[in-house]
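Novice: okay, here's the prediction I keep looking at, along with the sequence it came from:
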Amino acid sequence: MDTSRTPAHVLDRIVIATNAHDLDGLVSCFAADYRLSDPVHPARSFVGAAQVRRNWATMFEAVPDLRLEVEDRAVTDTGFWLEATQLGVRHDGVRIKARTVFIAKVGDGLIRSAHMYAAPVEEGGPGIDAVFAAMAGRVPS
C-alpha cells in the first residue's frame, strides 16, 4: 500500500502503463481484491487484480499498437472518473475503436473498485428515434 499515490497519480499511471503496454505497471494500480462492476453487462463484472492481468494481457497481445486516448477526466480525494477511447489494429487487421467511462474508487494508493461502461464505437446505425422506439417496443414512424 502506497498512500502517497493519490487518485490523480493512479489515473496517470494507468494511462501511461496502458500506452506503454506495461502489464505489471498497470496491474500494480489495482488492489488484489479489486471489484469491477459493469452495470450494463453484469456478467462482465469480476473481482480480483488477477482478472485485470488476464484481460490486459489478452489486449496487449492481440492489439500490438493499442493506445488509450483520454477524452476527459475528473479527480477527487477518493477516486477518479475517466472517459477514454481505445484505438488500435488487431493482428488480423481489424481496427478497433471503443469508448470507455471508468469511475474508480481509490484507497491506500490502489483502485479498490470501479464501475465501467465500455462499448465499440458504432459510426453508423439507427438514429435516436429508432433506438427509443425499439426500447419502447414500437416501430418508429
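Specialist: Alright, I've got the coordinates.
Novice: remind me which residues of this structure are low pLDDT?
Specialist: 1-3, 140-141 (pLDDT under 70).
Novice: now the helices for it?
Specialist: Taking DSSP state H as the criterion, the chain carries its helices at 7-19, 23-27, 49-62, 128-135.
Novice: any buried residues in the third one, and which?
Specialist: Buried positions in helix 49-62, judged by neighbour count with 16 or more other C-beta atoms under 10 Å: A49, V52, W56, M59, F60. To be clear about C-beta, it is placed using only N, CA and C from the backbone, and glycine gets the same treatment.
Novice: who touches R90 in this structure?
Specialist: A62, V63, I96 (C-beta atoms under 8 Å, 6 or more residues apart in numbering).
Novice: make that A17, sorry
Specialist: For A17, counting by C-beta under 8 Å, 6+ apart, the contacting residues are L23, G25, L26, C29.
Novice: circling back to that earlier point, make a markdown table out of the helices of the chain and add distance to G107.
Specialist: Formatted as a markdown table, the entries for the helices of the chain read as follows, by distance: least, C-beta to C-beta, whole Å:
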| stretch | distance to G107 |
| --- | --- |
| helix 7-19 | 9 |
| helix 23-27 | 17 |
| helix 49-62 | 14 |
| helix 128-135 | 37 |
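Novice: helices and strands around the top strand by length along the chain, which ones?
Specialist: For the chain, the longest strand by residue count, based on DSSP state E, is strand 95-107. Based on contacts counted as 3 or more C-beta pairs under 8 Å, 6 or more residues apart in numbering; DSSP states H and E, the elements that strand 95-107 packs against are helix 7-19, strand 79-89, strand 110-120.
Novice: ok, which of the ones you listed comes nearest R138?
Specialist: For the helices and strands packed on strand 95-107, distance to R138 was read as C-beta to C-beta. The smallest value, 23.6 Å, belongs to strand 110-120.
Novice: how about the closest one: buried residues?
Specialist: Taking 16+ other C-beta under 10 Å as the criterion, strand 110-120 shows L110, I111, R112, S113, A114, H115, M116 as buried.
Novice: ok, I16 touching G25?
Specialist: Yes: using C-beta atoms under 8 Å, I16 and G25 qualify as a contacting pair, with a distance of 7.4 Å.
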